[in-house]
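Participant: take this sequence and fold it.
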Amino acid sequence: SPDIAVSRVDAAAASFSGAARAAGAHALSAGVAGFSAAGRGVITPAAASSYVGQTVTVRGVVSDVHTTRSGTIFIDMGGRYPENAFTAVIFAENAAEFPGVGSLDDRTIEIIGRVRLYRGKPEIVLTSGQRLRPD
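Facilitator: Reported below is the predicted structural model:
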């Protein structure tokens, strides 16, 4: 649940700051690596609206991949549009970064990025192929 993920991040931040003060630079470099990984958090498509403005990893099953006439690609998760819980958006100018994106239907994927709302629905705009990871 989102509350558990936030609690883990808070705990990591608290232990990181205490460890850094107590043990110096080695704890600092180890703590930063652990904290950044914990800070990203893996969430479900349904939970994405609770993370607007935050950079997260959304993990779920692709319900539909749709390409518009203008070349914008929508990857819907948690249901098909307009009942989808979450969308990843790839604008036409970035489509070449995502070869084979049309074959993602029914596959579990991870989308990494900053969540924003568009017409009341959570989405992440993808510009780099490294931000989409199929299972």
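Participant: just the strands in the protein please.
Facilitator: 42-43, 55-67, 73-77, 86-90, 108-114, 116-118, 121-126, 132-134 (DSSP state E).
Participant: quick one: average pLDDT of the fourth one?
Facilitator: By that I understand strand 86-90. For strand 86-90, mean pLDDT rounds to 98.
Participant: and it with strand 55-67, angle?
Facilitator: If you take axes from the mean of the first three to the mean of the last three Cα atoms, to 10 degrees, strand 86-90 sits at 70 degrees to strand 55-67.
Participant: now do strand 86-90: which elements does it pack against?
Facilitator: strand 55-67, strand 73-77, strand 121-126 (3 or more Cβ pairs under 8 Å, 6 or more residues apart in numbering; DSSP states H and E). For glycine as for every other residue, the C-beta is placed from the backbone atoms N, C-alpha and C.
Participant: please redo it, this time with the cut-off set to 10 Å
Facilitator: strand 55-67, strand 73-77, strand 108-114, strand 116-118, strand 121-126 (3 or more Cβ pairs under 10 Å, 6 or more residues apart in numbering; DSSP states H and E).
Participant: now render these as a markdown table, adding distance to N84, mean neighbour count and mean pLDDT.
Facilitator: A markdown table is the format used below for the helices and strands packed on strand 86-90 (distance: least, Cβ to Cβ, whole Å; neighbours: other Cβ atoms under 10 Å; pLDDT from 0 to 100):
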| stretch | distance to N84 | mean neighbour count | mean pLDDT |
| --- | --- | --- | --- |
| strand 55-67 | 6 | 18 | 98 |
| strand 73-77 | 4 | 22 | 98 |
| strand 108-114 | 13 | 17 | 97 |
| strand 116-118 | 12 | 12 | 97 |
| strand 121-126 | 7 | 21 | 98 |
